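>>> Sequence and computational prediction follow.
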Amino acid sequence: MPRLEKYDYLAGAAIMLFGAVAVVCGIDYHVGTLSRMGPGFFPVALGVVLILAGIVIAYSKKEEDGEDVPLDWRGMSCIVLGVVLFIVLGAYAGLIPATAACVFVSAMGDRTATIRSSLLLSVAITCAGVLLFSYALGVPFPLFR
Amino acid sequence: MVSTALQDLWFGFGVAFEPNHLFWCFVGVLLGNIVGVLPGLGVLATISVLLPLTFTMAPVSAILLLAGIFYGSQYGGAICSILLNLPCHPPHAVTCLDGFPLTKQGRGGAALGVTMLASFVGASFGITEMIFLAPVLVSIALKFQSPEIFSLMLLGLLAGSTLSKGSPVKGFAMMVLGLLLGIVGTDINTSVPRFTFGLDHLQDGIEIVALALGLFGIAEFIKSVNNIHVTNIEGAKVRFADLRPTRAELRRAVPAMLRGTMVGSLCSMIPGTGPTIASFIAYMFEKKVTKNPEKFGTGAIEGVAAPEAATHSSVQGDFIPTMSLGIPGDAVMALLLGALMIVGVTPGPQLIREHPDVFWGLVASFWVGNILLVLLNVPLISVWVKLLAIPYKYLYPSALFFVCIGVYSASNDLFQVGETLVIGIVGYVLLRLRFHPAPVLLGFVLGPRLEENFRRSMLISDGDLSIFVHRPISAVFLLLCTILIGSQIYQWLRRMTRKSGIEQVPSDSIQSLEALRN
């Protein structure tokens, strides 16, 4: 993200968004009065506080601590994809395929990784993981479905 | 009072020396020490990964393990700082200033030896403080009713979120966000589902494991991948015999250690000022009182001893409000409290009476653990140094797998893994926008109890907000809150009017390190 502005508009906007969601949902849950509070009272109050905090953040100067490291698209996609694969394969194929795929794909996120090194790591972690979680700790997760 | 405390402590040692407790304490400090040394794996991530494993354990074993990881990692962090000039762990950043020059002069071993001694002295003082202070706090806190509890929690939340690192407003916003996340799920009073967006899986609320692993696991991996370089450990060879400091070094280090311990314990009294701030203050204080301040930064042994002692005494001090009042000072303590709640221990002033084995066992295990750490560190120091060379590219895929299976095993539900991923991505966006996510956890753990006590207070007073001011104890807490916010606004206004950057509360950034050097 390039530093376009001196002020922290984006950060403030994000916080205001969270606050707005809380207020909009909270109103639906019946707000009530102070003496008879409904389930929506607390969320709405917190949402209003968040919106106010967002305004203050948007109008304060950006912090200048440290260098911004650029977003690593390859690393991020591989990590996210690794977790998605763990969920999908975990649901339809079992623990062993899920683990192997998750470790292999996320390991490919590193720019120095090769297919060979990632495969080796994936095999090693799958063996260790199955031994530890399936046999030693007895986590109920079928190895294959 | 002293005799009852000693009796309780004796009971605690009995608990801590039970073979299985001793084993988990050992596992905890060992793991903590390892992650303290490993690059790019934080103590929060480790505790969160191991959290699901503790669900089936007895409460005492669980807390000993998790607490052991926490203070064990403090030992490991010092090794990075002194031998390699790497401030992997924020509290030890300031130790680099004099620790690394000592390594270059060939006295790195001695610096480590002094560190171990300082840690032990600092920790022992913190533990003693806990033994005597916690029961006093408890006897006061047991008289509290909802309004007092609400105001106290508010104070804890405000201090914990605004005094930690980064911008106070951002920390505050993160804490409020955490409060909101804490109330996701079915409302206990009216059984209305809140913020579940029609998903049945969210009825029981967000899992603390999913939140912690998303924020401190996945978000951190995305941030660090391809950004952590392989550490060069050339020249960082330390042998066992090198660890002994000379008599002259000891003569200078011991008084510094004691001063650092005092600074650390004072800092731990103020919620939110964790070990990082304590170590910085101790270093600056030491530089003020010393006769030769020009030596600081070039390898003064005092500059190692004081901050390390301060870190450890404040680490132990952090446990006091957590265990006696049920109010965590930072994210690590919030996680520990979360773990206790999951294994069926309700945090709060009644904890010591209802679960004396948890409290006194923990206190005694601090000593046992600290002795174990010294014993571990002395012969294994060269192994720790080698661990530093493990490349991040092998670490993060393995850790990612542990995250996935850990979240799954918490509830045997793959939905939670998806939840963790979403939280991780949102957490990464927040990291990019320069939010520090730690206060989220603080709010998350206290959120439900804060709402509950607010509702109850309003029932007592029939909707009259002035109840919080009319009760003297509650009024004092609110006054402290006001002072806290007032001072933050005052500093903010000063920063707005004066354009030049005024030195902030020391954060963990390298920049403030440099500012200190000048």
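That came through, no problem. Numbering: from 1, shown residues only, chains lettered A, B, ... in the order given.

>>> where does chain A have low pLDDT?
Across chain A, the ranges flagged by pLDDT under 70 are A:1-7, A:62-69.

>>> Mind jotting down where the helices sit in it?
Secondary structure of chain A by DSSP state H: the helices cover A:9-28, A:41-58, A:73-92, A:95-107, A:115-129.

>>> most packed of those?
helix A:95-107 (a mean of 25; mean count of other CB atoms under 10 Å in any protein chain shown). The way it works is simple: take the backbone N, C-alpha and C, and place the C-beta from them, glycine included.

>>> Name the surrounding residues that touch that helix.
Helix A:95-107 has contacts (CB atoms under 8 Å, 6 or more residues apart in numbering or on different chains) with A:78-79, A:81-83, A:85-87, A:89-90, A:113, A:117-119, A:121-123, A:125-126, A:129-130, A:133-134, A:141-144, B:221, B:393-394, B:396-398, B:400-401, B:404-405.

>>> Centre of the chain to it, how far?
19 Å (CA atoms, centre = their mean, to the nearest Å).

>>> what about whatever residue of chain A ends up closest to chain B, neighbour count?
Using CB to the nearest CB, the closest approach of chain A to chain B is made by A:Ser35 at 2.8 Å. Using other CB atoms under 10 Å in any protein chain shown, the number of residues around A:Ser35 comes to 11.

>>> Can you pull up the most central residue in the chain?
Picked chain A for this. A:Val80 (8.9 Å; CA atoms, centre = their mean).

>>> let's do chain B instead
B:Val332 (4.2 Å).

>>> How about the contacts made by that residue?
So B:Val332 contacts B:Val43, B:Leu44, B:Ile47, B:Phe70, B:Asp318 (CB under 8 Å, 6+ apart).

>>> Check which helix or strand it maps to.
helix B:331-342 (DSSP states H and E).

>>> For the next helix or strand after that helix, list every residue counted as buried.
Using DSSP H and E, the helix or strand that follows helix B:331-342 in sequence is helix B:351-354. Neighbour counts over helix B:351-354 (16 or more other CB atoms under 10 Å in any protein chain shown) mark B:Leu351, B:Ile352 as buried.

>>> How far off centre is helix B:351-354?
23 Å.

>>> for that helix, packing partners?
Judged by 3 or more CB pairs under 8 Å, 6 or more residues apart in numbering or on different chains; DSSP states H and E, the packing partners of helix B:351-354 are helix B:108-141, helix B:302-325, helix B:356-387.

>>> looking at these, which is buried most?
Most buried among these, counting by mean count of other CB under 10 Å: helix B:302-325, with a mean of 30.

>>> can you give me the angle that helix makes with helix B:356-387?
Interaxial angle, helix B:302-325 versus helix B:356-387 (axes from the mean of the first three to the mean of the last three CA atoms, to 10 degrees): 150 degrees.

>>> For B:Val469, list the residues it contacts.
By CB under 8 Å, 6+ apart, the neighbours of B:Val469 are B:Ala475, B:Leu478.

>>> What is the neighbour count of the nearest residue to A:Val31 once chain neighbours are set aside?
Excluding the flanking residues, the one nearest A:Val31 by CB to CB, 6 or more residues apart in numbering or on different chains is A:Gly40, at 4.4 Å. Other residues near A:Gly40 come to 23 when the count uses other CB under 10 Å.

>>> returning to that earlier point: now the helices of chain A in TSV, with distance to B:Asp464?
As requested, the helices of chain A are exported to TSV (distance: least, CB to CB, whole Å):
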stretch	distance to B:Asp464
helix A:9-28	22
helix A:41-58	15
helix A:73-92	49
helix A:95-107	55
helix A:115-129	57
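
>>> so which of those helices gets nearest B:Val121?
Distances from B:Val121 to each of the helices of chain A were compared using CB to CB; the minimum, 39.0 Å, belongs to helix A:115-129.

>>> what's the domain layout of chain A?
A:9-58, A:73-136 (automatic domain parsing).

>>> first to last residue in the last one, what's the distance?
Translated: domain A:73-136. Here the two ends of domain A:73-136 are set 37 Å apart, with distance taken as CA to CA, to the nearest Å.

>>> and that domain, how far out from the chain's middle?
Worked out by CA atoms, centre = their mean, domain A:73-136 lies 18 Å from the chain centre.

>>> Quick check: most distant residue from the centroid of chain A.
A:Ser35 (38.0 Å).

>>> Look up the closest residue to that one, ignoring the ones flanking it.
That would be B:Gly463: by CB to CB, 6+ apart, it lies 2.8 Å from A:Ser35.

>>> Now do the phi/psi pair for the residue of the stretch 151-300 of chain B found nearest chain A.
For the stretch 151-300 of chain B and chain A, the shortest gap (CB to the nearest CB) falls at B:Val225, measuring 3.3 Å. As for B:Val225, its main-chain torsions (degrees, to the nearest 10) stand at phi -60, psi 140.

>>> what about chain B, any weak spots by pLDDT?
Ranges of chain B meeting pLDDT under 70: B:1, B:39-40, B:87-88, B:164-165, B:229-241, B:271-273, B:498-518.

>>> Check it for the residue nearest chain A and tell me.
Closest point on chain B to chain A, by CB to the nearest CB, is B:Gly463, at 2.8 Å.

>>> Now do the contacts for that residue.
Contacts of B:Gly463 by CB under 8 Å, 6+ apart are A:Thr33, A:Leu34, A:Ser35, A:Arg36.
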